[in-house]
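A.B. asks: The sequence and its predicted three-dimensional model are supplied below.
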Amino acid sequence: MRVDWSGIKLVIFDVDGTLYDQWPLRLDMARALVADSVQQRSLDTIRILSTFRKVRESLGNARSPGVSGEQYRRTARDRGCSEAHVRTIVERWIEQEPLSRLRRRRTPGACELFAALRKKGRTIAAWSDYPVESKLSKLELTADIAVCSSDPAVNRFKPDPAGLQLILDRTATSPHQAIVVGDRFDRDWEAARSISVPTLIRSFRSNDRSPTFRDFRDHVFAPILTESGHA
Ligand SMILES: [Mg+2]
């Protein structure tokens, strides 16, 4: 499947798993967590993080509102600890610790694609269920607009399209003039499909639902990347 870039004004990137390779980073983090747990002689942190991820997935699946507070409340309840404790663990292990490890996991071709999109007058957006700005800065990438699902104006995880709709509204772009570049069919593709925004999904396999790509050097980006490309 090809992408007709000529009518696309706005490119909306998912962050985790799209702008960097998520599994190598998860492995890096798992090693650091195990080392910490051995030192602490406690599995408390690993258990809280595991529950936190499950809670977020289920809030996303249920399309629940108010996720920014609910994710901490439910994790604290399920683990029998305070919300403040969950926040401390999440802040360190999900928001801070991965940052220094991000740059070397950046998806090949990301910097070149962002530069080429800019040169060809496209608006670049980033949309994630996790905080966006600190990650983009560590990845040495800049977006014109960044939206996190925990922002008060959204407060719903993917596949709810609220964050995507907010980006379309703020940039005064109609769905067919935008494209979502993500890595999950059950989140990015599903959200985009529900409001008729085209997609490009990062995957090693082709798929009937959407064009796919392995990294940003893929031929699907050629019209943007080549000087003479019609895009
Ligand atoms: Mg992702």
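C.D. replies: All right, it came through fine. Bear in mind that the values here come from a model prediction, so they are computed numbers and not experimental data.

A.B. asks: Around the residue of the chain found nearest the ion, count how many other residues there are.
C.D. replies: With CB to the ion as the measure, Gly17 is the residue of the chain nearest to the ion, at 3.7 Å. C-beta coordinates here come from the backbone N, C-alpha and C atoms, glycine included. Look at Gly17: counted by other CB atoms under 10 Å, it has 19 neighbours.

A.B. asks: correct me, but it touches Arg184?
C.D. replies: Yes - with contact taken as CB atoms under 8 Å, Gly17 and Arg184 are classed as touching, separated by 7.0 Å.

A.B. asks: For the residue of the chain closest to the ion, which non-adjacent residue is closest in space?
C.D. replies: The shortest distance from Gly17 to any non-neighbouring residue, by CB to CB, 6 or more residues apart in numbering, is to Asp183 (3.8 Å).

A.B. asks: just to revisit the earlier point, so who does the residue of the chain closest to the ion touch?
C.D. replies: With CB atoms under 8 Å, 6 or more residues apart in numbering as the criterion, the residues that contact Gly17 are Gly182, Asp183, Arg184, Arg202.

A.B. asks: Next up, the contacts around the third one.
C.D. replies: Shown here is Arg184, whose contacts under the criterion CB under 8 Å, 6+ apart are Asp14, Gly17, Lys158, Ile201.

A.B. asks: likewise the first one?
C.D. replies: With contact set as CB under 8 Å, 6+ apart, Gly182 has these partners: Phe13, Asp14, Gly17, Thr18, Asp188, Trp189, Ala192, Thr199, Leu200, Ile201, Arg202.

A.B. asks: Could you pull up phi and psi at the residue of the chain positioned farthest from its centre?
C.D. replies: With CA atoms, centre = their mean as the measure, the chain has its most outlying C-alpha, relative to the mean C-alpha position, at Arg41: 32.8 Å. When quoted as degrees, to the nearest 10, the phi and psi of Arg41 stand at phi 50, psi 40.
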